[in-house]
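# Need coordinates for the following:
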Amino acid sequence: MSAVEQITELLNQKFAEPEFEKFFLVSVETLPNDIIHIFLDKDDGLNLDECALLSRFVEQKIEENQWLGESYTLEVSSPGLSRPLLMHRQYRKNVGRELSVELKDTHVGVKGKLTKVKENSIVISYTERITLEGSKKKKNIDVQQEILLDNIKKALVKPSFK
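Predicted coordinates for the structure are as follows:
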């Protein structure tokens, strides 16, 4: 089993413990120069102290089990806004926030507020300006668009400065 698989298994076991059930693993990546980057998240937001605690836990297990050589760098963080949403649980945690969604089947993206997360889809709400039929007048309409999770190429949370 690779170090990535061992770390993944270790964290999934840790997050099954009652005091860590709100945590979840997004990904474990290996980068050049023996860098291991672990992206974690938490249903109610991950803080720096929690990242440090889990980093020390993983580092201790790596050392005990000698999963990596003597020289490696371990980075533990939340995915942040620049990384796309990958998991259903990440969508649930971001209900009410603005998303930019790139679809697989078209070149058109959807931007709006994530209002609902269903088992296999999400609902994005936004306002669209349309021209009234037979007129030059325009009107704003509220749109709720359901998007299948399988049709999402990339979804990013848009930062809010309000």
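# Mind naming the longest helix for this structure?
helix 48-65 (DSSP state H).
# tell me the mean pLDDT over that helix?
Taken as a whole, helix 48-65 carries a mean pLDDT of 94.
# Name the residues that touch it?
3, 6-7, 10-11, 14, 23, 38, 40, 42, 67-68, 72, 74, 76-78 (C-beta atoms under 8 Å, 6 or more residues apart in numbering). Every C-beta, even on glycine, is put in place using the N, C-alpha and C of the backbone.
# Out of those residues, list just those in helices.
Filtering the contacts of helix 48-65 for helices - DSSP H - leaves A3, Q6, I7, L10, L11, K14.
# shouldn't the second one be in contact with L68?
Yep, that's Q6 we're talking about. No: using C-beta atoms under 8 Å, Q6 makes no contact with L68, being 9.6 Å away.
# per-residue pLDDT, the residue with the largest distance to the centre of the chain?
Farthest-out residue of the chain from its mean C-alpha position, per C-alpha atoms, centre = their mean: G134, at 44.2 Å. On pLDDT, G134 comes in at 81.
# before we move on, which element is it in?
Here G134 sits in a region with no helix or strand, counting by DSSP states H and E.
# on that earlier part again, buried ones in the longest helix of the chain, by neighbour count?
E50, C51, L54, S55, V58, I62 (16 or more other C-beta atoms under 10 Å).
# now, the most widely separated pair of the residues you listed?
E50 and I62 (18.6 Å; C-beta to C-beta).
# Excluding covalently adjacent residues, which one is nearest to Y91?
Residue nearest to Y91 in three dimensions, not counting chain neighbours: V117, with 4.7 Å by C-beta to C-beta, 6 or more residues apart in numbering.
# and that neighbour, how many residues sit next to it?
Using other C-beta atoms under 10 Å, V117 has 18 neighbouring residues.
# Please shift the residue numbers so they start at 50 in all later answers.
Let's use 50 as the start, then, which means that last one is V166.
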